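Asker: Give me the fold of what follows.
(2 chains, ligands or ions: 3)
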Amino acid sequence: MPALDLLGGALSALGQANFPSVDQDYLLEARQMQALSLGVHIPLVCFGISFPAIVLFVEGLYLRTGDPVYHQLAKRWSKVMLILFAVGVVTGTILSFELGLLWPEWMAKFGDVFGIAFALEGVSFFVEAIFISIYVYGWDRLSSKTHFKMGIPIVITGFTGSMMVIAVNGWMNQPTGFTLRDGEVVDVQPFAALFNSNLWHELIHMYLAGFIVSGFIVAGVYALARLRGRRDRYHRVALIVPLTVACLATPVQLLVGDWAARTVAENQPTKLAAFEGLDETTKGAGLTLGGVYVDGETYLGITIPDLLSLLAFHDPNATVQGLDAVPESDRPPVGPVRNAFTAMVMIGSALAALAAVYLFVWFRRWRLPRSKWFYRAVVIAGPLSVVALISGWIATEVGRQPWIVYEVMRTSEAVTGADGIPIGYATVAVVYLTLAAVVVWLLRRLARQPVERELPAEVGR
Amino acid sequence: MTVDLVTAVLVIGVTAYAVLGGADFGAGFWDLTAGGAQRGARVRGLVKRSMGPVWEANHVWLIFVLVIFWTGFPEAFGAVMSTLYVPLFAAAVGIILRGVAFAVRGEAATIREARGFGATFALSSVLVPFFFGATIGAIASGQVPAPPGGGDPIDSWTNATSLYIGVLAVATGAYLAAVFMAADAVRAGLPDLIRAFRARALGAAAVTGALAIGGILVVREDAPDLYDGLTSGAGLVAVIGSVIAGSVTAALLWRGRFGPARFTSAVAVGAVIVGFALALSPDLLPGVLSLDQAAAGDDTLIPLLACVVIAVVILVPSLTLLYRLTLRGTLDTEFRPIVAADREERP
Ligand code: HDD
Ligand code: HEM
Ligand code: HEM
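Answerer: Ligands and ions are numbered 1, 2, ... in the order given. Modelled structure (predicted):
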């Protein structure tokens, strides 16, 4: 294929020319800019992943019972869903620009390997955008059944869209589907790249995280209302639905997290060593619970012997590879990775405890917990779950360093040579701060709006 | 062959974004120029009502274009991103501001809030098409050098052709928006707004036409190769097609037939984009990379085309449904002039 040969030729020329030498200051700023934008996007899209399913569930209850409370609730939530989706789409658009603007060499070299995933993701979001409009603008205009059906594609495409993005991230952590010959990418198999071995645990872990984050945040809003004395049926339903969702997802998340950790132990031993701050390769390695890692020391942690070996390989005597197995230049920065990982695990465990209380009371006594402390805990569970989410991503992404494509391409080789990065970074930061202020303002505004009054008669089927 | 197909898909994507996304940006232009809070209230109300259900779907065409571009032509994508990062970054920031301001403007409760969001929305609606246009102009006039390394971050898009195409992009968006919204005003039964947008559409048609003709001279001076491509062979056919469609649109507008004018105005704009593509081909980055050189291998292009087929199968019915419901008025919200402080009277 002449086209391929030419491409190969051009790419190897690119390789020989040495990637443009880049100021390491800008590399750091480019990374932070990427991380900042992702950190804004991901909590928003948690709602894109899970909220449609929750809203549709409530609408389904309405269809079955005809109870107008469900109709009110679903309609009101769907408006929030639309706004969050809109903001998710625009922040996602910034991201897709940034992937090109900040890492042009990565795109130029591997764009054709993982591009298919993004193409399918684009299709998913397209369909999602179409049906979310029909759904939200179609309330009471389409027949109830048709309206409900218009919601189904939103749920499906939310899943497939995030699956495709995560496929790319999985591929960056576990690159497959191509061959590198003399620095040239040849023999591209886009579908093998897409279905890489990191995809499944990352996808399920993230999908559950979506339900945990949006479930606890929404429940938190109504828990606060309950603490302020609003206990009518509307508020009760609005609390129970998201809280149950989040509490069912959290325990499962622990199991999936264990699966993720075992996959990492196998595929990316250096990353696992960074998670645990394990300096030396150890047989029967212990696990340090909690604590803060500063300059190579863990403070305030409790170490349990052999537990790491047991968790990672299901064998207390297994050898766990330490950071010393690779040269210093191939190690990630241990501090942020370990602290982020610890934060995620601690928060995950705390949320699971909260979930256990709720589920116990609910299924044994068929009522909501009475303690004020329970509701206070639900209020802070939302923000905490966002911290866990971001921490998980920091552990995953920074733990992959110094590679942008694990053991194939270094991040420093991928970064742009543009010298406008600091200006761009500052601009993006200001824009996101403004955005955050606007979103908070808006949600408070929505929360203060009186619930639309609807008479059963005008709801109509 | 595969390269031609992927190129065609890319051009279709750019055309769809230019027409549908362009019209949304144009709506922002009319919002910006609608006049003071009282005078502009009804125009702004129609802008909001027209865009509400469709703007997100229209926006996703941009993502489609980006994805096809970087998957199909990764090396050219890298080169464009390394050179034209200033206008592209500016456009991306504009997109965020615009999307958010539009989404939240309806929640404004005081005149100051409404003005703030409205101004952000409207201003970024003008800047985004300008920067995208300038980017296209820079690519078409051969300002992007061969990789590795980038061209000058400023000079590359401040030549006459780039600036001109930036302005043209703003004008065509305004033109399309005026035509579309005149038709929407008919559907909403608002005679004053029909008149207002008919006048705007005719005015914008005149300005855009004049710009297009004047621009030819700019391009001849500044980018002779592009000029040659546009004035000979297939490029010329497309340009003539655009002129004809534009004239038909003007006649339809004059006679108040806004429904068909929607389509002819879209054809007039689409033909220009196709003309540009034809003028550039077989190059992607003129004089630097041909389409064949820039394209990924068949290993990638064939699955990519398969994805496009899937996309067509899923998207065509979905989009048809959306636009049919929209044109039928099913998704219409109540028309409400935007003067702010209208929250209390909501149903
Ligand atoms: C609500 C959010 C949340 C909660 C409660 C947890 N996680 Fe998590 N975790 C994430 C949200 C997350 C994530 C969505 O942020 C990540 C980033 C990448 C991924 O696949 O999921 C992640 C990544 C991630 C990874 C790295 C995967 C990789 O690099 O491929 C591991 C090993 C774990 N998690 C393990 C756990 C364990 C053992 C948990 C419980 C005790 C836990 N997570 C709770
Ligand atoms: C339903 C959920 C989501 C929505 C609506 C959403 C929305 C978007 C949109 C519209 C884009 C630009 C699309 C494109 O360029 O193809 C985007 C990009 C991106 N999203 Fe999301 N997203 C979602 C989930 C996720 C998740 C779960 C992750 C990661 C864990 C993620 C990470 C990214 C990244 C890295 C990009 C840039 C890459 C790209 O251009 O595709 N997104 N998102
Ligand atoms: C799912 C799709 C994702 C893709 C394609 C992706 C891609 C990238 C890329 C290209 C970089 C820059 C290169 C590098 O530093 O390695 C990066 C870095 C980073 N990403 Fe991701 N990412 C994804 C998800 C996320 C999410 C959801 C987060 C959440 C916060 C995240 C956090 C980070 C961080 C913190 C860095 C900076 C690493 C450092 O500074 O060392 N990533 N990612």
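Asker: near chain B at all, the longest helix along chain A?
Answerer: For chain A, the helix with the greatest residue count under DSSP state H is helix A:24-65. No. Applying C-beta under 8 Å from any C-beta of the partner chain, one finds helix A:24-65 separated from chain B by no less than 9.8 Å. Any C-beta I mention is one placed from the backbone N, CA and C, and that applies to glycine too.
Asker: helices or strands up against that helix?
Answerer: helix A:68-102, helix A:144-173, helix A:199-227, helix A:233-267, helix A:372-398, helix A:411-414, helix A:421-448 (3 or more C-beta pairs under 8 Å, 6 or more residues apart in numbering or on different chains; DSSP states H and E).
Asker: Any chance of the ones you listed in JSON lines with mean pLDDT as columns?
Answerer: Output for those, formatted as JSON lines (pLDDT from 0 to 100):
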{"stretch": "helix A:68-102", "mean pLDDT": "82"}
{"stretch": "helix A:144-173", "mean pLDDT": "87"}
{"stretch": "helix A:199-227", "mean pLDDT": "90"}
{"stretch": "helix A:233-267", "mean pLDDT": "87"}
{"stretch": "helix A:372-398", "mean pLDDT": "89"}
{"stretch": "helix A:411-414", "mean pLDDT": "69"}
{"stretch": "helix A:421-448", "mean pLDDT": "75"}
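Asker: And those helices: which comes nearest A:Phe57?
Answerer: Among those, the nearest to A:Phe57 by C-beta to C-beta is helix A:233-267 (6.9 Å).
Asker: Output the contacting helices and strands for that closest one.
Answerer: helix A:24-65, helix A:68-102, helix A:199-227, helix A:269-276, helix A:307-313, helix A:334-365, helix A:372-398.
Asker: Enumerate the residues of chain A near ligand 2.
Answerer: A:38, A:41-42, A:45, A:48-49, A:85, A:88-89, A:92-93, A:95-96, A:99, A:118, A:121-122, A:125, A:128, A:158, A:161-162, A:165-166, A:206 (C-beta under 6 Å from any ligand atom).
Asker: Please identify the helix or strand for the single nearest residue of chain B relative to chain A.
Answerer: Of all residues in chain B, the one sitting closest to chain A is B:Thr71 (2.5 Å; C-beta to the nearest C-beta). Using DSSP states H and E, the element containing B:Thr71 is helix B:55-72.
Asker: ok, and does that helix reach over to ligand 2?
Answerer: Yes. On the criterion C-beta under 6 Å from any ligand atom, helix B:55-72 is in touch with ligand 2 at B:63, B:66-67.
Asker: give the contact list for the residue of the stretch 151-300 of chain A found nearest ligand 3.
Answerer: Per C-beta to the nearest ligand atom, A:Asn169 is where the stretch 151-300 of chain A lies closest to ligand 3, at 3.3 Å. The contact partners of A:Asn169, taken as C-beta atoms under 8 Å, 6 or more residues apart in numbering or on different chains, are A:198, A:202, A:396.
Asker: For burial, what's the neighbour tally of the first one?
Answerer: Yep, that's A:Asn198 we're talking about. Around A:Asn198 there are 24 other residues, counting by other C-beta atoms under 10 Å in any protein chain shown.
Asker: Distance to A:Phe114 added to the helices and strands packed on helix A:24-65, as a markdown table?
Answerer: Below are these laid out as a markdown table (distance: least, C-beta to C-beta, whole Å):
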| stretch | distance to A:Phe114 |
| --- | --- |
| helix A:68-102 | 10 |
| helix A:144-173 | 5 |
| helix A:199-227 | 12 |
| helix A:233-267 | 17 |
| helix A:372-398 | 16 |
| helix A:411-414 | 13 |
| helix A:421-448 | 24 |
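Asker: quick one on the thing from earlier: out of the contacts of A:Asn169, which is nearest to A:Lys75?
Answerer: Nearest to A:Lys75 among these, with distances taken as C-beta to C-beta, is A:Glu202, at 33.8 Å.
Asker: Just give me the neighbour total for that closest one.
Answerer: Neighbours of A:Glu202 (other C-beta under 10 Å): 24.
Asker: cool, and A:Arg365?
Answerer: 10.
Asker: repeat for A:Phe211
Answerer: A:Phe211 has 24 nearby residues by other C-beta under 10 Å.
Asker: I figured it hits A:Phe51, correct?
Answerer: No. Using C-beta atoms under 8 Å, A:Phe211 makes no contact with A:Phe51, being 9.3 Å away.
Asker: Please verify my assumption that A:Glu121 contacts A:Gly161.
Answerer: Yes. Counting by C-beta under 8 Å, A:Gly161 is a contact partner of A:Glu121 at 5.2 Å.
Asker: Not counting sequence-adjacent ones, nearest residue to B:Ala177?
Answerer: B:Gly26 (2.9 Å; C-beta to C-beta, 6 or more residues apart in numbering or on different chains).
Asker: got the contact list for the helix or strand that contains the one you found?
Answerer: According to DSSP H and E, B:Gly26 maps onto helix B:22-32. Under the contact criterion C-beta under 8 Å, 6+ apart, helix B:22-32 has outside partners B:40, B:43-44, B:47, B:50-51, B:54-55, B:58-59, B:98, B:102, B:118-119, B:121-126, B:128-129, B:169-170, B:172-178, B:180-181, B:197, B:200, B:269.
Asker: Read off the pLDDT value for the closest residue to ligand 1 within the stretch 1-150 of chain A.
Answerer: Here the stretch 1-150 of chain A gets closest to ligand 1 at one residue, A:Ile42, 7.6 Å apart by C-beta to the nearest ligand atom. With respect to pLDDT, A:Ile42 has a value of 90.
Asker: That one and A:Gly392 touch, don't they?
Answerer: No. A:Ile42 lies out of contact with A:Gly392 (C-beta under 8 Å); the separation is 9.6 Å.
Asker: For residue 126, give me its contacts.
Answerer: Assuming you mean chain A. Contacts of A:Phe126 (C-beta under 8 Å, 6+ apart): B:57, B:60, B:63-64, B:311, B:315, B:318.
Asker: Can you look at chain B instead?
Answerer: Counting by C-beta under 8 Å, 6+ apart, B:Val126 has contacts B:25, B:28-29, B:32, B:170.
Asker: What parts of chain B come near ligand 2?
Answerer: So chain B meets ligand 2 at B:63, B:66-67 (C-beta under 6 Å from any ligand atom).
Asker: between those, which is closest to ligand 3?
Answerer: Looking across the residues of chain B next to ligand 2 and measuring by C-beta to the nearest ligand atom, the closest to ligand 3 is B:Val67, at 12.9 Å.
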